[in-house]
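Engineer: got a structure for you, letters missing:
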């Protein structure tokens, strides 16, 4: 996946929502409170559900599933943000440690990845994370 500079004034594609995997349900009120504290309002939290795996990102962000939540230990910690401004995204990433939740892989929606299924998206994010860590380790030598 290629990285692309974003326009600070832009809004990410999709509804104001965040798809979340790899977090226990008791983390959701903490995240909601954190967003409220940052004045990032009206963001729907969409936890990973059993039927999301084969669905497109755009379908998952519709938040219509009532299927069972996927246990936190079954998926990596990921937060896929959509519909928020780049300024809001920058603020929440910069200040994320304040909420004391484990840092996730942060991702954003793009026109292209809205058509990915969730499994493919998570696989791409893990591959990207691995590549970044390898490059960081090479630079540290």
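Structural biologist: Received the coordinates, thanks. What you see is a predicted model, and the numbers here were worked out from it, not measured in a lab. Residues are numbered from 1 along each chain as shown.

Engineer: and the lowest-mean-pLDDT helix or strand in the chain, what does it pack onto?
Structural biologist: Using mean pLDDT, DSSP states H and E, helix 118-140 stands out as the lowest-scoring helix or strand of the chain, at a mean of 90. With contacts defined as 3 or more Cβ pairs under 8 Å, 6 or more residues apart in numbering; DSSP states H and E, helix 118-140 has these neighbours: helix 57-60, strand 78-82, strand 105-108. Glycine gets a C-beta too; all of them are placed from N, C-alpha and C.

Engineer: Could you take those and lay them out as CSV, with extra columns for mean neighbour count, mean pLDDT and distance to residue 130?
Structural biologist: Output for those, formatted as CSV (neighbours: other Cβ atoms under 10 Å; pLDDT from 0 to 100; distance: least, Cβ to Cβ, whole Å):
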stretch, mean neighbour count, mean pLDDT, distance to residue 130
helix 57-60, 20, 96, 21
strand 78-82, 24, 98, 14
strand 105-108, 18, 96, 11
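
Engineer: next one: phi and psi at the closest residue to residue 17 other than its chain neighbours?
Structural biologist: Leaving aside its sequence neighbours, residue 17 sits nearest to residue 44 (Cβ to Cβ, 6 or more residues apart in numbering; 4.3 Å). Main-chain torsions, residue 44, degrees, to the nearest 10: phi -80, psi 130.

Engineer: From residue 35, how far out is residue 44?
Structural biologist: Computed as Cβ to Cβ, to the nearest Å, the residue 44 to residue 35 distance reads 11 Å.

Engineer: for residue 85, same thing?
Structural biologist: In terms of Cβ to Cβ, residue 85 sits 13 Å off from residue 35.

Engineer: With neighbour numbers in mind, choose between these two.
Structural biologist: Comparing residue 85 with residue 35 by other Cβ atoms under 10 Å, the one with more neighbours is residue 35, at 19 against 16.

Engineer: In this protein, where is pLDDT below threshold?
Structural biologist: 1-9 (pLDDT under 70).

Engineer: if you set the cut-off to 90 instead, what comes out?
Structural biologist: Residues of the chain meeting the criterion pLDDT under 90: 1-9, 53-54, 63, 129-130, 132-141.

Engineer: I'd say the residue nearest to residue 17 and residue 19 touch.
Structural biologist: No - contact criterion Cβ atoms under 8 Å: residue 44 and residue 19 do not qualify, at 9.6 Å.
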